[in-house]
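Trainee: I'd like to go over a predicted model; first the sequence, then the structure.
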Amino acid sequence: METETGRVEAFSDGVFAIIITILVLELKVPEETGSDFWHGVREQWPHYAAYVVSFLIIGVMWVNHHTIFGHIKRVDRPLLFLNLLVLMVVSVIPYTTNVLAEHLMEEGGSANAAAVLYSLLTVAYALAFLAFWWYVTRVGHLFHDQVDKAGARATRVRFGLGAIAYPLTVVLAFVSAPLTLVAHFLIALYYAANQIPIPLVVEEERLETASDLRK
C-alpha cells in the first residue's frame with residue numbers, strides 16, 4: 001500500500017529537531033564562578049567542538065533527506081522502514097557526541113575508543129542512508145514524473161562515498177581522536193558544499209515520452 005509523503009516528512013523533521021535539541025542540551029554549564037568562570041568555559045572546548053561538528057553532520061543529513069523527499073510523490077512500506085532505520089541511527093549521535101567530548105583529550109586509549117565509537121556510528125548512518133537511496137532508485141516508482149530515474153540511479157556512487165570515507169575515520173580514530181573530529185568536520189563540509197543534485201527530465205523529453213505512450 002502506498003501513501004503520501006507529508007506525514008513521513010513531518011515525523012522525520014520532528015525527529016531531526018529533537019536530536020538537535022538534545023545535542024545542545026549536552027553542553028555543560030561551567031561550575032567555576034567569579035574570576036574562574038571564563039577558565040571553566042575554555043576548559044569545555046571539546047564539548048563545543050564536538051557540538052559544532054555533530055550539528056553540521058546532522059544538518060547535512062537533514063538537507064539530503066529533505067531534498068530526496070522533495071522528489072518523491074509517495075512512499076511504500078519498505079521505504080517507511082528504511083526511513084525509520086536512518087532515523088534510529090541518527091538519534092544516537094547526541095550520545096556518541098557526548099562520549100567523544102568527555103574523552104577527547106584523555107590519555108590511556110579512552111580518547112581513541114570514544115573516537116572509534118563516534119566514527120562507527122557515522123559508518124552505520126552512511127550504510128543506512130545508502131540502503132534508503134538504493135531502494136528509492138532501484139525501480140524509481142516512488143519518484144515524481146519529472147525525475148530522471150536513470151540519472152538518479154547514476155548518483156548512487158556519489159551517495160556511497162560516505163561508505164568509504166567514514167570507515168577511514170575509524171582507522172584514524174586509533175591514531176588521534178582530535179584529528180578524527182577534524183576529519184568528520186571536513187567530510188561534513190564537503191557534503192554541505194557539494195549537494196548531489198537529483199536529475200530532472202527535460203520538459204521536451206517528458207512531453208515526447210507522454211506523446212509516445214498515447215500512440
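Mentor: That came through, no problem. Here the structure is a predicted model, which means the values were calculated and not measured.
Trainee: Could you pull up the residues touching the residue nearest the centre of the chain?
Mentor: If you average the C-alpha coordinates of the chain and look for the closest C-alpha using Cα atoms, centre = their mean, you land on residue 61, 2.9 Å from that point. Under the criterion of Cβ atoms under 8 Å, 6 or more residues apart in numbering, the neighbours of residue 61 are 16, 90, 125, 129. (C-beta placed from N, C-alpha, C; glycine too.)
Trainee: Could you list the buried residues of the helix or strand where it lies?
Mentor: Assessed by DSSP states H and E, residue 61 sits inside helix 45-69. For helix 45-69, burial by neighbour count (16 or more other Cβ atoms under 10 Å) applies to 46-47, 49-51, 53-58, 60-62, 64-65, 68-69.
Trainee: hey, which helix or strand in this structure has the poorest pLDDT?
Mentor: Taking mean pLDDT, DSSP states H and E as the measure, the helix or strand of the chain with the lowest value is helix 203-214, at a mean of 49.
Trainee: Helix or strand next in line after the helix holding residue 61, which one?
Mentor: Following helix 45-69 in sequence order, the next helix or strand is helix 77-90 (DSSP H and E).
Trainee: Any idea what residue 200 is bridged to?
Mentor: residue 147 (DSSP bridges).
Trainee: was I right about it contacting residue 148?
Mentor: Yes - with the criterion set as Cβ atoms under 8 Å, residue 200 and residue 148 qualify as a contacting pair; they are 5.8 Å apart.
Trainee: show me the contacts for residue 83.
Mentor: Contact analysis of residue 83 by Cβ under 8 Å, 6+ apart lists 8, 12, 75, 132.
Trainee: list the contacts for residue 132?
Mentor: For residue 132, the contacting residues are 68, 79, 82-83, 85-86, taking Cβ under 8 Å, 6+ apart as the criterion.
Trainee: Let's have the contacts of residue 83 in CSV, adding pLDDT and secondary structure.
Mentor: Listed next are the contacts of residue 83 as CSV, based on pLDDT from 0 to 100; DSSP: H, G, I helix; E, B strand; the rest coil:
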residue, pLDDT, secondary structure
8, 90, helix
12, 94, helix
75, 88, strand
132, 91, helix
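Trainee: which among those gets closest to residue 109?
Mentor: Relative to residue 109, the closest of those is residue 132; by Cβ to Cβ it sits at 34.5 Å.
Trainee: So the closest one versus residue 25, what's the distance?
Mentor: The span separating residue 132 from residue 25 equals 28 Å under the rule Cβ to Cβ, to the nearest Å.
Trainee: Next: residue 90.
Mentor: As judged by Cβ to Cβ, residue 90 and residue 25 stand 16 Å apart.
Trainee: Which one's more surrounded, the two?
Mentor: Between residue 90 and residue 25, counted using other Cβ atoms under 10 Å, residue 90 has the larger neighbour count: 23 against 10.
Trainee: residues contacting the more buried one?
Mentor: Under the criterion of Cβ under 8 Å, 6+ apart, the neighbours of residue 90 are 15-16, 19, 58, 61, 125.
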